[in-house]
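J.: missing the sequence, but the structure's below:
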């Protein structure tokens with residue numbers, strides 16, 4: 001009988017009153033790619049953080065190759081042959097690929113073993129097809145290359161089991177294909193992989209077996225993912241059938257967000273040039289484009305984070321003059337940024353504090369010069385109930401929430417103040433089926449209430465499901481705008497690649 005590479009038995013973990021893992025069992029065998037599925041907040045990442053030594057389990061045991069182990073930190077996990085690639089990469093951007101690989105590694109004599117490191121890097125490239133120039137600076141790597149470096153780093157340190165937490169959430173389709181080729185090569189060498197994802201089509205494509213969590217418990221196991229239906233998996237994950245989102249006909253109102261020939265300069269990433277767009281009340285306008293074509297600059301201008309060098313913007317017919325977050329917020333703009341923790345919520349604060357921060361000088365969070373703790377907590381409690389935010393309560397540290405619950409918290413915060421215009425970037429990246437539908441229904445409710453919604457997304461299926469019109473941005477300019485009736489994937493693809501006339 002084959003001995004599992006990893007045996008987790010009876011793993012239990014609490015955060016205050018929240019039971020994150022409830023007597024969970026999980027085995028990983030040599031050559032397996034095990035899918036770990038569940039709703040946001042089901043306990044997937046917590047379970048893997050216990051395996052990687054980030055958290056200590058309250059109860060349960062772990063065996064590695066049949067031997068009991070106690071993993072108290074990531075160094076001990078790596079020593080036991082367990083590597084983890086997090087959603088947010090842990091790389092030093094100013095260092096080279098080789099320097100990132102050698103950080104924290106023991107040297108040879110009084111120096112680093114550079115020849116040995118180069119040989120190992122070449123071996124990994126040959127065995128798994130994971131190639132990177134060792135002299136490249138990490139800041140020059142694409143997102144897909146940075147993820148490749150994280151995987152190489154784990155293999156470089158001798159990982160026999162690789163944990164991947166939402167590995168395709170930030171990848172373009174070609175990068176996903178490259179990742180899957182590498183994962184198959186890794187499994188073929190009798191290593192084990194745990195693949196956490198919400199993308200069921202990818203799970204069916206790449207995994208050999210799936211374990212499903214709901215509310216911290218194992219609800220089922222699928223031994224043949226390729227032939228399992230989306231409905232079956234969704235019901236195990238959510239406990240109910242998830243119905244498709246439907247966008248009903250809706251009369252359009254007046255233009256609530258108008259950009260007239262907006263241009264930027266000196267911005268990180270692609271600048272925008274001569275951009276004109278308008279979003280009406282009762283309309284969802286989608287913005288498509290390959291990552292890095294000016295989406296961030298456009299979102300930052302609309303959000304008051306970046307002042308354009310030319311052009312005009314109005315919100316609900318009022319002209320934006322200073323382009324500050326406070327100004328656009330005061331004009332009726334709600335903003336849900338792409339990076340939930342870097343520019344949305346503060347990980348070290350309590351959830352109540354994070355949700356109050358953008359309006360800390362206003363009621364119900366402040367009265368005169370006095371801050372109201374009760375106002376913050378009452379507000380957070382209401383939003384937790386209304387948006388079903390899975391956490392231990394308003395005092396929970398924001399950084400402990402899962403990605404989907406962070407997104408719900410951001411939406412709850414912004415929508416609570418009845419904005420006239422809402423701009424959201426990558427709204428369902430990393431979200432499960434149920435959370436995705438919840439977010440989509442909120443957008444459709446805004447649309448039905450006569451609000452204007454701008455959705456920036458790299459998920460074309462999402463845009464085609466939600467949008468009344470889809471604009472495409474290419475190298476900082478609007479390549480074209482398609483109506484819902486006229487849009488096709490092929491037309492979007494042409495526009496996204498700069499074929500303006502051909503797709504129009």
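T.: That came through fine. Quick caveat, the model's predicted, so the values are computed rather than measured.

J.: any figure for the gap between residue 265 and residue 301?
T.: With distances taken as CB to CB, to the nearest Å, residue 265 is found 12 Å from residue 301. Using the backbone N, CA and C atoms, a C-beta is placed for each residue, glycine as well.

J.: comparing the two, which residue is more hemmed in?
T.: Higher neighbour count among residue 265 and residue 301: residue 301, with 24 against 12, using other CB atoms under 10 Å.

J.: ok, residues contacting the strand or helix carrying the more buried one?
T.: For residue 301, the enclosing helix or strand under DSSP states H and E is helix 295-302. Where contact means CB atoms under 8 Å, 6 or more residues apart in numbering, the residues beyond helix 295-302 that reach it are 257, 259, 262, 264, 267-272, 275, 287, 289, 305-308, 313, 323, 328, 333, 335, 337-338, 423, 425, 454, 456, 473, 476.

J.: which sections of the stretch 51-200 of the chain are below the confidence cut-off?
T.: 105-112, 170, 172-173 (pLDDT under 70).

J.: circling back: enumerate the positions of the helix holding residue 301 that are buried.
T.: Using 16 or more other CB atoms under 10 Å as the test for burial, helix 295-302 gives 295, 296, 297, 298, 299, 300, 301, 302.

J.: for that helix, what is the average pLDDT?
T.: Helix 295-302 comes out with an average pLDDT of 93.

J.: just checking, next helix/strand downstream of that helix?
T.: strand 310-315.

J.: avg pLDDT for the helix or strand following that next one?
T.: Proceeding N to C from strand 310-315, the next assigned helix or strand is strand 318-319, under DSSP H and E. Strand 318-319 shows a mean pLDDT of 97.

J.: now swap in stretch 423-432 and tell me
T.: Averaging pLDDT along stretch 423-432 yields 84.

J.: repeat for stretch 204-216
T.: What stretch 204-216 shows for mean pLDDT is 93.

J.: what is the burial count for residue 116?
T.: As a measure of burial, residue 116 has 10 neighbours, counting by other CB under 10 Å.

J.: which positions within stretch 383-392 qualify as buried?
T.: When neighbours are counted by 16+ other CB under 10 Å, the buried residues of stretch 383-392 are found to be 383, 384, 387, 389, 390, 391, 392.

J.: reformat these as JSON lines; add distance to residue 113.
T.: JSON lines is the format used below for these (distance: CB to CB, whole Å):
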{"residue": "383", "distance to residue 113": "53"}
{"residue": "384", "distance to residue 113": "52"}
{"residue": "387", "distance to residue 113": "52"}
{"residue": "389", "distance to residue 113": "48"}
{"residue": "390", "distance to residue 113": "46"}
{"residue": "391", "distance to residue 113": "45"}
{"residue": "392", "distance to residue 113": "46"}
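
J.: out of the residues you listed, which are inside strands?
T.: Using DSSP state E, the subset of the buried residues of stretch 383-392 located in strands is empty.

J.: could the residues you listed be laid out in a markdown table, adding distance to residue 100 and pLDDT?
T.: As requested, the buried residues of stretch 383-392 are arranged in a markdown table below (distance: CB to CB, whole Å; pLDDT from 0 to 100):
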| residue | distance to residue 100 | pLDDT |
| --- | --- | --- |
| 383 | 39 | 94 |
| 384 | 39 | 93 |
| 387 | 38 | 89 |
| 389 | 35 | 89 |
| 390 | 34 | 84 |
| 391 | 33 | 87 |
| 392 | 35 | 85 |
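
J.: the inter-axis angle of the helix holding residue 301 versus strand 310-315?
T.: For helix 295-302 against strand 310-315, the angle by axes from the mean of the first three to the mean of the last three CA atoms, to 10 degrees is 60 degrees.

J.: what is the mean pLDDT for the host helix or strand of residue 285?
T.: Residue 285 belongs to strand 283-288 when assigned by DSSP H and E. The average pLDDT for strand 283-288 rounds to 96.

J.: contacting residues around that strand?
T.: Applying CB under 8 Å, 6+ apart, the external contacts of strand 283-288 come out as 247, 250, 252-253, 277, 279, 295, 298, 443-444, 447, 452-458, 460, 462-464, 466-473, 492, 495-496.

J.: what's near enough to touch the residue lying closest to residue 270 once chain neighbours are set aside?
T.: With sequence-adjacent residues excluded and distances taken as CB to CB, 6 or more residues apart in numbering, residue 270 is closest to residue 294, at 4.3 Å. Residues counted as contacts of residue 294 (CB under 8 Å, 6+ apart) are 269, 270, 271, 272, 275, 473, 475, 476, 477.

J.: the residue nearest to residue 197 when sequence neighbours are not counted: what's it in contact with?
T.: Nearest residue to residue 197, sequence neighbours excluded (CB to CB, 6+ apart): residue 203, at 5.4 Å. Applying CB under 8 Å, 6+ apart to residue 203 gives the contacts 35, 37, 195, 197, 210, 225, 233.

J.: now residue 353: which helix or strand?
T.: Assigned by DSSP H and E, residue 353 belongs to helix 351-356.

J.: thank you kindly, that will do.
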